[in-house]
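# Have a look; sequence and predicted model below, questions after that.
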Amino acid sequence: MTVTTLSSRELNHDVSSAKKAARNGPVIITDRGKPSHVLMTYDEFERLSGKHRSLAAALSMPGLSDIEFPSTRVTIQPREVDLS
């Protein structure tokens, strides 16, 4: 991942190159020398923002069946109660 830094003026002069740079990583946009905004692709934004999906969609993700999950049956034993 490549981080690119552009000033606001550079961004205004060449938006297309900033969009191209965002494909390779975040583009930090500075205002008076200080970072003020970040430009990224929408796919990256969705990944970082935790796009909400249904349980059924999450369980049907490709490759999920390849994950081994050893589960053991748990038995719950009732405890003796002393009422004296």
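Yep, it's here. Numbering: from 1, shown residues only.
# residue ranges for the helices of this structure, please.
For the chain, the helices defined by DSSP state H occupy 8-13, 15-22, 42-49, 55-59.
# So which of those is nearest residue 84?
Relative to residue 84, the nearest member of the helices of the chain by CB to CB is helix 55-59, separated by 47.4 Å. Quick note: C-beta positions are derived from backbone N, CA and C, even for glycine.
# what's that closest one packed up against?
Contacting helix 55-59 under the criterion 3 or more CB pairs under 8 Å, 6 or more residues apart in numbering; DSSP states H and E is no other helix or strand.
# Run the chain-centre distance for that helix.
Here helix 55-59 is found 17 Å from its chain centre; the criterion is CA atoms, centre = their mean, to the nearest Å.
# average pLDDT for it?
For helix 55-59, mean pLDDT is 78.
# Same check on stretch 1-17?
So the average pLDDT for stretch 1-17 ends up being 94.
# now do the same end-to-end measure for it.
Start-to-end span of stretch 1-17 (CA to CA, to the nearest Å) is 16 Å.
# Which residues in that stretch does the neighbour count mark as buried?
For stretch 1-17, the neighbour count (16 or more other CB atoms under 10 Å) marks 4, 6, 11 as buried.
# same deal with stretch 24-36?
Quick answer for stretch 24-36 (16+ other CB under 10 Å): 26-27, 29-30.
# Can I get those residues in JSON lines including pLDDT and distance to residue 54?
Below are the buried residues of stretch 24-36 laid out as JSON lines (pLDDT from 0 to 100; distance: CB to CB, whole Å):
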{"residue": "26", "pLDDT": "94", "distance to residue 54": "29"}
{"residue": "27", "pLDDT": "96", "distance to residue 54": "32"}
{"residue": "29", "pLDDT": "96", "distance to residue 54": "35"}
{"residue": "30", "pLDDT": "96", "distance to residue 54": "40"}
